[in-house]
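what follows is a predicted structure for the sequence shown.
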Amino acid sequence: MYRYLELRLVEHLREFLQRTYGLEAVNIVVEQPPKIEFGEYALPLAFELARKLRKAPRKIAEEIVAGIGAIPGFAKFEVAGAGYINVRVNRAALAAEVAVDRRPPDDIPAGKVLVEHSSINPNKAAHIGHLRNAILGDTFVRLLRFAGREVDVQNYIDNTGVQVADVVVGFMHIEKKSRAEIEALAAGPRFDYVCWDVYARVSHWYDEDKVHLQTRAATLHAIEEGNNETAAIADLISVAVLRRHLETMERLDIEYDFLPRESEILHLHFWDAAFTKLKDAGVLTFEDSGKNKGCWVMRRAGTAAKPSTAEGTESTEEEEKLSEEDQKVIVRSNGTVGYVGKDIAYHMWKFGLLGRDFGYRKFFRYPNDHECWISTTHGEKDHPHFGDVAEIYNVIDARQSEAQNTVIEALRALGHGEAADRYTHFSYEMVALTPRCAAELGYTLSEEDKARSWIEVSGRKGFGVKADDLLDALIAAARGEVDGRHPELREEERAGIATQVAIGALRYFMLKFTKPSVIAFDFKDALSFEGDTGPYAQYAVVRASNIFRKGGFDPAVFCADADGGAGSASGSAARISAEAFAAYLTGESSDDIWELWLAAAKTSYIVAQCIATTEPAYLAKHAFQLAQLFNAFYHRFPILSETDEGRKKFLLTTAAVVRRELIRALATMGISVPPVM
RNA sequence: GGGCCCGUAGCUCAAGCGGAUAGAGCAUCGGAUUUCUAAUCCGAGGGUUGGGGGUUCGAUUCCCUCCGGGCCCA
């Protein structure tokens, strides 16, 4: 509702400025006042117009306030400071709409959205860096679905790259394992952990003797070739590790719809199709001289054309060199295509521009019967339609932005500007470890390392925090708390609560930082359940629920529930009137409670903001603020002992509304709330 | 060499398209509950927003420059 009122306000202001001053196209900035006493919206508009109208800001503000007239939903406009216009809404009217959960329909853009996230190399256990990716991606999927979008979730699997090849080398040439032995290991528990250690050993083995790198090259070649023992082992390993990744993510309520694999990009000749189109469009050019001789290259946008000799200007040697540096080699002189080339083909497929499709087969079934499909060369006849979407978001860390930009430029150069515009690299920074955390893991630090604010994890060295280990540690810590608080509960129940709390803590932790911030991981912060954490927000909901449970009330009686239903018929009758809202929400003495209502009205506003800026951290902040305001409210107003029945009903309604919005915000972050805490 | 990101309280982080007295959590210190039981609340101290310049009525935010750190490409 808050967002809807803002739109209405801007619309009226625009009309007013046009009518009164003949001004068109004024950028109307709407802010949120620093304090609740100032109202619900603040307009620095008069400052903006001061020069244009050659008047003092204060004077303009006064004119606007005097002339704006009545706008439905708004109560008052007033001038503040040097020329701010503070706007007050009709509190009772807004509260009544929030109580019935009225959310004006949005214009939902047509077409499906594709979100690609996780994309973990299937050669070792997932670590905390992968968790950040998956949690950001999954939360963004939930945000989009909250906003009414249809979303496909894809997890790209690079099953033919060097990382898989390295583990194959480890098993075959260092561990000397047979295919049967590897199969046995893969059937055992946490095979991804086994691979984690093997992978670290391989790095050492390469360092021991450079000759060993030839084994790697041969292995990689065999895997790409297919139809041989090495390729079969690679497939066996990558599929087993992939299953482990899906299980790990399932623990966090993260699910996928489709797993496209690099092996199919190769074997179904996606690249060949893309290559033809890229050559035909002149996007790729063959270099017959220079340092990229024999390569097919793409020029960076803006440097597409060399200085034309037709204009009589000879390009100097330096310019020649510069333009060479701007070239992206897509196909190497030995004829092999690099990672970016395959990515271009894959992204043409995503937008339905390639003219080819994967084969599909069912791969993983979630407990809720949701099927996750995987790519294959010869698939099942009946399968869902993937790809050919209107919009894509790739959740990939900031180190890949160069490659991502190259793919976008390729699409644009092919004449698919529309697609390029709807291609978003959802970029975020890595998760590193604090020096203290690294030391805890048994890593010996140099003096230089100790002075750093963070140390990068390294899969190659086997140095990092595994996702399942972190989750286990969180569950153990939460379990300790739950056991102490609720010894009366059954074992199963306590385990369930501990798991919910652990997931809440982990997901919130990964979302509270804004994307460009490197997370310096520390067990102390991650295992905290107090303050700015997931459990703090979960606990606020539990407290709200306790009020209703102890009082023998159903929250749905006081406000529409989160499923969008209008509540029961008896509920509607029990709702309080706009007049009653006015009585309890008017005047400065009610500012504190009103602040809570206003925050509750903002959830869809925040969701829209998260999507527009691809920044889920705002939602975490919103949930925390709601919880914080609620806890203060909880402490200040003992509801069940309230003797004034009308006031009690109002307080219960307040608790019910905040509870609903908090549950909703947490659910959008993939966090559920335990029955008790 | 080219490009991108970061630098805010002791620590970890916020701050909407440039807006009002730069906010939280943790830590420290001091308080609160015979109550919907504290994974909570209230209060205190803590800041030259890395330095310097510029644009602006107004800069943590935009531009330039320097310092420090990270990443990518070459």
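Yep, it's here.

from here on, just use CA atoms for contacts and neighbour counts.
Fine.

residues contacting A:Leu598?
Counting by CA atoms under 8 Å, 6 or more residues apart in numbering, A:Leu598 touches A:Tyr2.

so it is in which element?
Remark: A:Leu598 resides in helix A:591-600, with elements defined by DSSP states H and E.

may I see the buried residues of that helix?
Residues A:591, A:593-600 are the ones in helix A:591-600 that count as buried (16 or more other CA atoms under 10 Å).

which of the residues you listed lies closest to RNA strand B?
Set against RNA strand B, the nearest of those by CA to the nearest atom of the strand is A:Ala599 (10.1 Å).

from what I see, that closest one and A:Ala627 are in contact.
No: A:Ala599 is not in contact with A:Ala627 according to CA atoms under 8 Å; the separation is 10.1 Å.

make sure I have this right: A:Leu143 is in a helix.
Yes: under DSSP: H, G, I helix; E, B strand; the rest coil, A:Leu143 sits within a helix.

how close does it get to RNA strand B?
Distance from A:Leu143 to RNA strand B, counting by CA to the nearest atom of the strand, to the nearest Å: 16 Å.

returning to what we had before: give me the contact list for the next helix or strand after the helix holding A:Leu598.
As assigned by DSSP H and E, the chain's next helix or strand after helix A:591-600 is helix A:603-612. Helix A:603-612 is contacted from outside by A:1-3, A:140, A:143-144, A:146-147, A:615-619, A:622, A:661, A:665, using CA under 8 Å, 6+ apart.

from the chain's centroid, how far away is helix A:603-612?
In terms of CA atoms, centre = their mean, to the nearest Å, the centre of helix A:603-612 is set 13 Å apart from its chain centre.

can you show me the CA trace of that helix as PDB?
Taking Å, rounded to 0.1, in the frame of the first residue of the first chain, the C-alpha atoms of helix A:603-612 are listed here in PDB:
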ATOM      1  CA  THR A 603       6.800  -5.100   2.400                       C
ATOM      2  CA  SER A 604       5.800  -5.000  -1.200                       C
ATOM      3  CA  TYR A 605       7.500  -1.600  -1.600                       C
ATOM      4  CA  ILE A 606      10.700  -3.200  -0.300                       C
ATOM      5  CA  VAL A 607      10.300  -6.200  -2.600                       C
ATOM      6  CA  ALA A 608       9.900  -4.000  -5.600                       C
ATOM      7  CA  GLN A 609      13.000  -2.100  -4.500                       C
ATOM      8  CA  CYS A 610      15.000  -5.400  -4.100                       C
ATOM      9  CA  ILE A 611      14.100  -6.500  -7.600                       C
ATOM     10  CA  ALA A 612      14.800  -3.100  -9.200                       C
END
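
can you point out the buried residues in that helix?
For helix A:603-612, a neighbour-count test (16+ other CA under 10 Å) marks A:603-604, A:606-611 as buried.

kindly report the same for stretch A:525-544.
So stretch A:525-544, judged by 16+ other CA under 10 Å, has buried residues A:526-529, A:532-544.

do it and RNA strand B meet?
Yes: taking CA under 7 Å from any atom of the strand as the criterion, stretch A:525-544 and RNA strand B are in contact, through A:529-533, A:535-536, A:539, A:543-544.

interface residues of the stretch 1-150 of chain A facing RNA strand B?
A:27-34, A:38, A:42-45, A:47-48, A:80-81, A:84-86.

and these, which are buried?
Members of those classed as buried by 16+ other CA under 10 Å are A:28, A:33, A:38, A:42-45, A:47, A:84-86.

find the closest residue to RNA strand B in the stretch 251-400 of chain A.
Here the residue of the stretch 251-400 of chain A nearest RNA strand B is A:Arg399; by CA to the nearest atom of the strand that distance is 3.7 Å.

using the three-state scheme, assign that residue.
Assigned state for A:Arg399: helix (three-state reduction, three-state DSSP).

distance-wise, check the residue positioned nearest the centre of chain A relative to RNA strand B.
Among the residues of chain A, the one closest to the centroid is A:Leu136, at 2.8 Å (CA atoms, centre = their mean). Counting by CA to the nearest atom of the strand, the gap from A:Leu136 to RNA strand B is 13 Å.

residue contacts, that residue?
Contacts for A:Leu136 (CA under 8 Å, 6+ apart) come out as A:395, A:510-511, A:616.
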